[in-house]
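Visitor: Let's see this in three dimensions:
(2 chains)
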Amino acid sequence: MVLLALIAIPALGAAVAYVLSAPRRSTLLIVIAAVHVALVARLWIVPGEQALTGWLADDPLGRVILTLVSVLFLAVAQYAIEYVRVGDPPGGRAFVTCMLGFLAAATLVALSHHFALLWIGLESTTLAVAPLIYQRHDRRSLEAVWKYLVLSSVAIAFALLGVFLLATAQPSGSTGGRPLVIDDMTLRATALDPAWLRAAFVFTLIGFGTKMGLAPMHSWKPDTYGEAPCLVGGLMSGALTSCAFLGLARVASICFAAGQADFIRPALIGFGIFSLVIATAFIIGQGDIKRLLAYSSVEHMGLLVLGLGLGGTGAYGAVLHALNNGLAKAMIFLAVGNVVLVTGTSASDEIRGLLRRMPASGILLVVGLFAVTGSPPFGMFISEFTIIGAAIGEHHPWIAAAVVGLLAIIFVGIAQMILEMVYAPPVQEVERSEERGRLVIAPAALAVVVLLLGIYLPRPLTDALSSAAIELGGRAP
Amino acid sequence: MTSFAELALFLVVLSDFAVLATSRLSACIRAIAFQGILLGALPLLIHLDISGHLVVLAVGTAVIKAGVLPWFLRWAIREAAVRREVEPLIGYMASVILGAAALAIAFAVANALPLRMVGTDLLVPVALVTVMIGLVVLITRSKAVTQVVGYLMLENGIFLFGLTQSERVPFLVEIGVLLDVFVGVFIMGIVVFHINREFDSISAARLTELHD
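Guide: Next up, the predicted model:
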């Protein structure tokens, strides 16, 4: 029941929100976000629920991603209420509907134990965020939404072909288990046809990899994040890409169980390294803070598949990194959102002296800088460290060295831009702007969570991460 | 029934080429609508035991792919007052030749695949060629509407491939996929409409402001 409620409540809310008046829409958004968090918390207390004959199930890997989506959504919802009031987006009515629709779709992805259902959820997330990207209703956002729609629709179509290929790989009758049900496929993985399974992996890697924004399929990302409102950028880079990673991880777990590790690991590692290289190349000399964050997202998606591909403790690091990256990305996107709201631009050389102009958001931006670049004591330091450690542990010292080098360059690139924005003196004297407390709460709260994840990981979380890592062909550290 | 199914699959390939060869957008949309009808009929022609589930799927596919979506795309080009594709990336003759090459590749690949066939041997090659021609249209045409038609062809090809597994993919899922495609094309159509209003043209080639 809880699982169905987790999907049905936001889905119904999305429909209801469309007919409500503006203040009630906002109340509905925050209430549903809070209820969602409460229901997810219940899953941590009473784990292992199932619904729809096992098509929906709560397992450690899905629960970690679901928790990320839920917490992140609550923060973004709180922010969005004030944003809608201040920014007055033209499509106000559809705005809340699309956000809630996204929550329902992302929840479906996290809970699906049926590949086709997972696909439906992932496709729905694309459709739900598309109107949010086009929220400014101008030429640039139009171009961004068109590129995003075409590229991710084609990608997700390939993923659907991958899902059909997975079904083809399953022998018919009782030897194969129920078609496309993840638990049955894992249990009877040795009966899967290896050739079809490999083909399925290739297509799902392209499909879900594009949705994650792995290089070289990342071209939609800077345009989309650059043009979408910052809170939408936060939702996408934090929650949507993590859901796509979950889809890829689910397919990978089947491949690991079927003994195809040698086939998929090099592909995952290759995409991971390539994404890091591309991200590094475009972060250096980037002139737009939102596009910079998009390339930072390409970097972290690269780290996720790298961890998954390395195996060992890398899988543990990857799942933890998905959690840390999602929260940190949303946090910094919301902080940037405050800056863009006041300055009206995201071009970094037009933004100066934030510390004087808007101290709270300026400080949050600096905190965000350290959080997204994986500096201690933030959570991402631990997960990046785990992934790099796995590279050494799995006898890939050169990969470890390369990753450390690239991460260092990326740190310099991001730090240079953000520190100039915050500390450099303004070109002409500007007055200190009024900062709205309500727009600071959400990024500050997320910053605290990311910090706590770097200091202390609660026992239930490490247990969940460990069993997720084993499921993904790795082990707990 | 197999011969009817093969005839329908043959007509699917014909409609693929019709889209490739024509510059008139209304003809493209007519071809894709015709393909939608064939796609609705195919589940009934391939499977001998016709169940209620199959009939609902067939009717749903036909209504959405041959009725609603083509009507919507026609609305979009009428509002935009565009008739013809302008300057495709590669010429019509060249794209037809490319299509023929895709057809040859599709048959070669399908022969090599160790697939348990349902109903007819033609299903898999036709699915593959429809996917490939859909991609060609998507990449080489510059009008946003034609790109949507290409996307629909790509989806149709995958739908055809899905028919090989149709007794294993449950009804709920098929309807969900159909609905997602419907909403996807609907949103694309709205974007096409806005592109027209902003740029006085629905040429996606004009969308070049964003870059590093």
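Visitor: Can you name the element that comes right after the lowest-mean-pLDDT helix or strand in chain A?
Guide: Among the helices and strands of chain A, helix A:354-357 carries the lowest confidence by mean pLDDT, DSSP states H and E, at a mean of 87. Counting by DSSP states H and E, the next helix or strand C-terminal to helix A:354-357 is helix A:359-372.
Visitor: got the contact list for residue A:39?
Guide: Taking CB atoms under 8 Å, 6 or more residues apart in numbering or on different chains, we find residue A:39 in contact with A:2, A:5-6, A:9. Just so you know, the C-beta spots here come from the backbone N, C-alpha and C atoms, and that holds for glycine as well.
Visitor: just residue A:197 next, same as before
Guide: Applying CB under 8 Å, 6+ apart, we find residue A:197 in contact with A:165-166, A:169, A:254-255, A:258, A:260.
Visitor: near chain B too, which of those?
Guide: The subset of the contacts of residue A:197 lying close to chain B, counting by CB under 8 Å from any CB of the partner chain, is empty.
Visitor: Among those, which one lies nearest to residue A:98?
Guide: Checking these against residue A:98 by CB to CB gives residue A:166 as the nearest, at 29.9 Å.
Visitor: so what's the closest one closest to, chain neighbours aside?
Guide: Once flanking residues are discounted, residue A:166 sits nearest to residue A:200: 4.4 Å by CB to CB, 6 or more residues apart in numbering or on different chains.
Visitor: For the helix or strand hosting that neighbour, what does the pLDDT average out to?
Guide: Take DSSP H and E as the rule and residue A:200 turns out to sit in helix A:194-212. Here helix A:194-212 scores 95 as its mean pLDDT.
Visitor: since we're on residue 52, how many residues are nearby?
Guide: With no chain named, the answer covers chain A. Neighbourhood size, residue A:52 [other CB atoms under 10 Å in any protein chain shown]: 15.
Visitor: actually chain B
Guide: The tally of other residues near residue B:52 (other CB under 10 Å) stands at 8.
Visitor: returning to what we had before: list of residues touching the least confident helix or strand of chain A?
Guide: Defining contact as CB under 8 Å, 6+ apart, one finds that helix A:354-357 is touched by A:339, A:342, A:361-363, A:365, A:421-423, A:426, A:430-433.
Visitor: Model confidence at residue B:173, what's the number?
Guide: pLDDT, read off for residue B:173, is 74.
Visitor: Also residue A:121?
Guide: pLDDT, residue A:121: 94.
Visitor: And for it, nearest residue in space, chain neighbours not counted?
Guide: Leaving out its chain neighbours, the residue that sits closest to residue A:121 by CB to CB, 6+ apart is residue A:108, at 3.4 Å.
Visitor: In contact with the one you found, which residues?
Guide: Taking CB under 8 Å, 6+ apart, we find residue A:108 in contact with A:7, A:117-118, A:120-121, A:124.
Visitor: do the same with residue A:265
Guide: Contact analysis of residue A:265 by CB under 8 Å, 6+ apart lists A:309-311.
Visitor: quick one on the thing from earlier: the contacts of residue A:108 in helices, which ones?
Guide: Residues of those located in helices (DSSP state H): A:7, A:117-118, A:120-121, A:124.
Visitor: and of these, the nearest to chain B?
Guide: Chain B lies nearest to residue A:120 out of the ones in helices among the contacts of residue A:108, by CB to the nearest CB, at 4.2 Å.
Visitor: Confirm for me that that closest one is in contact with residue B:175.
Guide: No. Look at residue A:120 against residue B:175 with CB atoms under 8 Å: they stay out of range, at 9.5 Å.
Visitor: So the spatially most central residue of chain B versus chain A, what's the distance?
Guide: When CA atoms, centre = their mean is applied to chain B, the residue found nearest the centroid is residue B:153 (1.7 Å). In this view, residue B:153 and chain A are 10 Å apart by CB to the nearest CB, to the nearest Å.
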